[in-house]
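Undergrad: Give me a model of this one.
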Amino acid sequence: MPLPKGYIQVYTGDGKGKTTAALGLALRAAGHELRTYIGQFMKGQDYGELHSLRNLPYITIEQYGQPGCVRREEVTQGHVTLARQGLERARRAMLSGQYDVVVLDEVNIAIWFGLLEVEEILEFLDQKPESVEVILTGRRAPRELIERADLVTEMCEVKHYYKKGVKARAGIEL
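TA: Numbers count the residues shown, from 1 in each chain. Next up is the predicted model:
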């Protein structure tokens, strides 16, 4: 049964857990037989969620990026093209009637990197069907998206082991 009303949520901030929160919401939604589409911007590497979600019938996940990290000053037209193609795939998913929840993972940072424009995401949100919940994740959420959202959560780093040299670990950060 579709949601009677879908809202817009933003998970942002410099703390850890934005993608994890969105994945948790997708898992909870699946428990109620709601279908979730997750589009991951700027991600092309092998993350644990790709393996675990592959076998869940209510969750679809796709990546719109190349393997490895890119710095803001290294952005190419190829990165922009992948992000724009990804946004179109997410738009088609949102409008298909097949999904109750649509997650644009790392879309905020994709905007900050210049891969997408805020206006493109606002237009995406203008097209949101009434019953679809949309989740926007990533650091540096633009003011316009924060204002447009119905719920905004800011993850705040209090303490992080990365600062002690701990690298990303499979199953925890990857």
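Undergrad: Please make it C-alpha for all contacts and neighbour counts, starting now.
TA: OK.
Undergrad: can you pull out the helices in the protein?
TA: 18-31, 48-53, 77-95, 107-112, 118-126, 143-148 (DSSP state H).
Undergrad: helices and strands around the second one, which ones?
TA: Other elements packing on helix 48-53 under the criterion 3 or more Cα pairs under 8 Å, 6 or more residues apart in numbering; DSSP states H and E are strand 59-64.
Undergrad: How far does the strand it packs on sit from its chain's centre?
TA: 10 Å (Cα atoms, centre = their mean, to the nearest Å).
Undergrad: Just name the most buried of the helices of the chain.
TA: Comparing the helices of the chain by mean neighbour count (mean count of other Cα atoms under 10 Å), helix 107-112 ranks first with a mean of 23.
Undergrad: Quick one: the helices of the chain as TSV, columns for mean pLDDT and distance to Ile172 too.
TA: Shown next, in TSV, are the helices of the chain (pLDDT from 0 to 100; distance: least, Cα to Cα, whole Å):
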stretch	mean pLDDT	distance to Ile172
helix 18-31	97	10
helix 48-53	88	8
helix 77-95	96	26
helix 107-112	97	21
helix 118-126	98	29
helix 143-148	98	28
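Undergrad: Including distance to Ile8, could those helices go into JSON lines?
TA: JSON lines is the format used below for these (distance: least, Cα to Cα, whole Å):
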{"stretch": "helix 18-31", "distance to Ile8": "12"}
{"stretch": "helix 48-53", "distance to Ile8": "23"}
{"stretch": "helix 77-95", "distance to Ile8": "13"}
{"stretch": "helix 107-112", "distance to Ile8": "13"}
{"stretch": "helix 118-126", "distance to Ile8": "8"}
{"stretch": "helix 143-148", "distance to Ile8": "8"}
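Undergrad: No more questions from me, cheers.
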